[in-house]
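**Q** Fold the following.
(2 chains)
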Amino acid sequence: MIPPSLRGALTGRRAGLAALGLAAATLLALAALSSRPGASRDELAALGGAPPAAAALSGAARGAAGLLGELRAARLPTALAGAALTGLLAALGAALAGRGALLLAPLLFWLAPRHLDAGVSASPDLLAAAFALGAAWAYRRAAAAPGRRSRLSAALAAGALLGGAIAVRADSWILLAAFALHAAILRLGPGRAAAPADGAERPEGIEARLHGLPLALAAMAVLGAAALLAATPSALAHPAGALAALAAGQRRPPGALGPLAALGLTLPASLAVAYAAGLLHSAGRVGRALRSRAPARLLADDLLLVVVPAAYVAAGAAGIGAPGAGLRPWLPAVPFLALAAARALLAAAALAWPARAAPLAAALAVLALAPGALAIARTWPLGGAAFGELAGGAPGAAARGLPRQHGGEAIRELLPALNARAAPGARVFWAGVPAGALALYARAGLLRPDLVAVEGPEDADVAVVALDGGPRDLEYQAWAALRTDRPAAGVYADEVPLAFAYARAGAWR
Amino acid sequence: MPIADTAARLARGALAAAREGARGLARASAALGAAAWRARPGARRAAALLAVAAIAAAGIHGLAFQLSLPARLPRALDWAAARAMIERDARPGDAVAIAPGWAERAREALPGAVPLVPVPPDGAERLPGVRRVWLLSIPGAPGFSFGPELTLVRRAARSEPLPALGALSIARYDLTAPLLPLAFLPDRLAGATARLGDEPCAAVPGGFACGDGGAVRVVRSVREVEGRPRPCLALSLPGSPGAPLEVEFPGVPAGRALSGHAGFADGAAGGAPVRVAVQLDGQEVGAVEAARGFAPFLLDTREQAGRLVTVALAFTWPAPAGTVCLDAVAEP
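**A** You can find the predicted model right below:
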């Protein structure tokens, strides 16, 4: 229970205005920062057409490239999604835990280097996270709205937002399973919450025909399937084949610890502990509510904060989660953890020292957030290479052989040296650099136009090599071809090399 | 006797007093414990206190880690000092090893004349041509291991710790039995000849191209085998030609043995094993098979020791085989 001193006296309108203000500030910050990080392999895959919805959004934004700059324009949809995510986190935080959580929930999400990195790149993960939280917000509104019309509109919004999530990342269907589980527990659990709240209207029309199935869930199922079909039109002609392809594309080795390890190793430890505390706090509240047969409305929010992360973990454990390594596959679950963490932190402070709840909560918030903020300041703009204290930072992760970057984005930091030092017309061999990155950098004016890209190290004067912790055979061939194993320039994260430039004698001024 | 009685009485009295004191202390402790137990926090408050403690501890640890990490890692000045020291004191036959292995800023910072060599903890690297190893360590780095240091201690006759340079620790090891080869075959490729069956191969930059279209190639290169850079003869063997590829190195000083390694580059295990027959002045001294890993070989050449010989390597492969990486040294 969070006392009034921590909950504050925020009306819905004031909370909404504050959330809007935070969203606007996030948009400005992300847009300002988004021109600096390099383009990774998955970001370029998204920009290149997969998945189509993310590519379409970025393509539309590139129309404004002249005004914003190439990189910033391509990443504008992510910045907008980040702003929406902040607004939703603030609004839901205020609704769940009051004034303190209005600011704390967004900060608990953003103050991690990899989360900020996802917010300033055009990969679809942050879009999916924003759509997922939006769908949860609409689903919650649809359950709580008193009038049929407002219930219907919220349900349609939930369906549309889930459709958006599926369109940008196909594995977002996991959310539908999570919401279905949520609805089933509320309906069948000991609380038997099916009875309408006092004063609520009896179901009529379409709601009556659904026999107790939440309208939002039905809308999500229909609009989610429509979004999946729209994203993969071939599914209309060959639905079985499309389903099989989707399943095959998402199959990966099962690993129950995948998401947990990704969270534990990549996040600042204080955030990981806060998320774990939030999850346990919400699970404890769910358990108490189920035992005491509390009404569903008292259970619904906590249950949602538990089932969505649990669904992503379960999907990862079953090997049907999103492909890819690291934190990004699990990013849509993280805003739910941030909300749970914000509420748990405030509740813990209030319970631990009731007389000094507010100062204790503030001190705890500083301790939870400061390591992440410091890590961002130290690793920027290489947030994709950051690891938490449990992994030993980037050096500890490199010693364990973990991937050093998402896919070639660190070479962006070599370009100024390359432009300044490479001989005129130098032939450059690029190894580990994602397809399309060079064209993007050239359009953004970050790469000298006279430099010529060549296919192999034998034909090159300069070799630029991204190091991701994987095989380095091409780099070693470049040593032999250029007759040097000494880089002319390098990019490092806490002394861990992320990219090297090698040059033939005379090709580096 | 009265004195002994008095002493015994006093001792009994002291014992009784001590016993009474201990009983009192036990009673007080029990009362205190009972009071603490009665005042214990409820389960929810205990959980809250635990959460507060965990978040605070993680936050303090995180802050300490983030603030201390830069000081645990070498700065540009440390690398510059290491460069100056090695430039000043290095001799021919010196090499540098780094620990942990990811600290490859050393490649950029240290003088190019001194090679960097891997020193894996299993001691499998023979380090041909190296008499002394400078080990540059970053003991404060997260994940640091003393494996390379222990390997060098086992292989060294003498070790000399040098003054630390900031976060860099430096020690120099004189190897007990350095391998000083008479010849390194990959470096002699420029003076070699190659033919595929009876057809001579064409010289190309760095080696030879053989067969129609030059698909079969032999070049002096550096390839990754078992996760490490290997200077070697890299042979691209894309198809089954029906004739062996033969590479001849004239004028190679022979010693007591010809040793080396053979394996497949770029992580490929190869479609089929590649057999390499080794001849010295037309006489076969042994054969090597390149299959998985970077397999070592050692061929006895004592009969030819002290002479300049022609070393011929004849490669046969039954099916497309990928790229073979082969190194060989003539041991003294």
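**Q** only C-alpha atoms for contact and neighbour calcs from this point on.
**A** Noted.
**Q** tell me which element the nearest residue to residue A:215 once chain neighbours are set aside is part of?
**A** Nearest residue to residue A:215 in three dimensions, chain neighbours excluded: residue A:155, at 5.9 Å (C-alpha to C-alpha, 6 or more residues apart in numbering or on different chains). In this assignment (DSSP states H and E), residue A:155 forms part of helix A:148-168.
**Q** where's that helix relative to the chain centroid, distance-wise?
**A** 20 Å (C-alpha atoms, centre = their mean, to the nearest Å).
**Q** circling back: verify the stated contact: the residue nearest to residue A:215 with residue A:222.
**A** No. Using C-alpha atoms under 8 Å, residue A:155 is not in contact with residue A:222; the gap is 11.1 Å.
**Q** Report the separation between the closest residue in space to residue A:332 that isn't next to it in sequence and residue A:215.
**A** Spatially, and ignoring its direct neighbours in sequence, residue A:332 is nearest to residue A:129 (3.7 Å; C-alpha to C-alpha, 6+ apart). Residue A:129 is 22 Å from residue A:215, where distance means C-alpha to C-alpha, to the nearest Å.
**Q** How about residue A:179?
**A** 12 Å.
**Q** any common contacting residues for the two?
**A** Shared contacts of residue A:179 and residue A:215 (C-alpha atoms under 8 Å, 6 or more residues apart in numbering or on different chains): none.
**Q** Can you pull out the low-pLDDT segments for the stretch 101-250 of chain A?
**A** A:189-212, A:232-250 (pLDDT under 70).
**Q** Which parts of it are helices?
**A** Taking DSSP state H, counting those that start in this stretch as the test, the helices found in the stretch 101-250 of chain A are A:113-119, A:125-144, A:148-168, A:173-188, A:205-209, A:215-231, A:234-237, A:239-250.
**Q** picking that back up, state the number of residues packed around the residue nearest to residue A:215.
**A** Residues lying near residue A:155 (other C-alpha atoms under 10 Å in any protein chain shown) number 26.
**Q** roughly how far apart are it and residue A:297?
**A** 17 Å.
**Q** same thing with residue A:388?
**A** According to C-alpha to C-alpha, residue A:388 stands 37 Å off from residue A:297.
**Q** Hmm, residue A:483 is touching residue A:504, no?
**A** Yes. Counting by C-alpha under 8 Å, residue A:504 is a contact partner of residue A:483 at 6.9 Å.
**Q** Got the phi and psi for residue B:320?
**A** According to degrees, to the nearest 10, the main-chain angles of residue B:320 amount to phi -50, psi 130.
**Q** rewinding a little: I'd like the helices of the stretch 101-250 of chain A as a markdown table, with distance to residue B:280 appended.
**A** Listed next are the helices of the stretch 101-250 of chain A as a markdown table, based on distance: least, C-alpha to C-alpha, whole Å:
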| stretch | distance to residue B:280 |
| --- | --- |
| helix A:113-119 | 59 |
| helix A:125-144 | 62 |
| helix A:148-168 | 65 |
| helix A:173-188 | 67 |
| helix A:205-209 | 91 |
| helix A:215-231 | 66 |
| helix A:234-237 | 65 |
| helix A:239-250 | 55 |
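**Q** what's the closest of these to residue B:54?
**A** Set against residue B:54 and scored by C-alpha to C-alpha, the helices of the stretch 101-250 of chain A come closest in helix A:113-119, at 21.5 Å.
**Q** and the residue nearest to residue A:332, what does it touch?
**A** Contacts of residue A:129 by C-alpha under 8 Å, 6+ apart are A:85, A:165, A:331, A:332, A:333, A:334, A:335.
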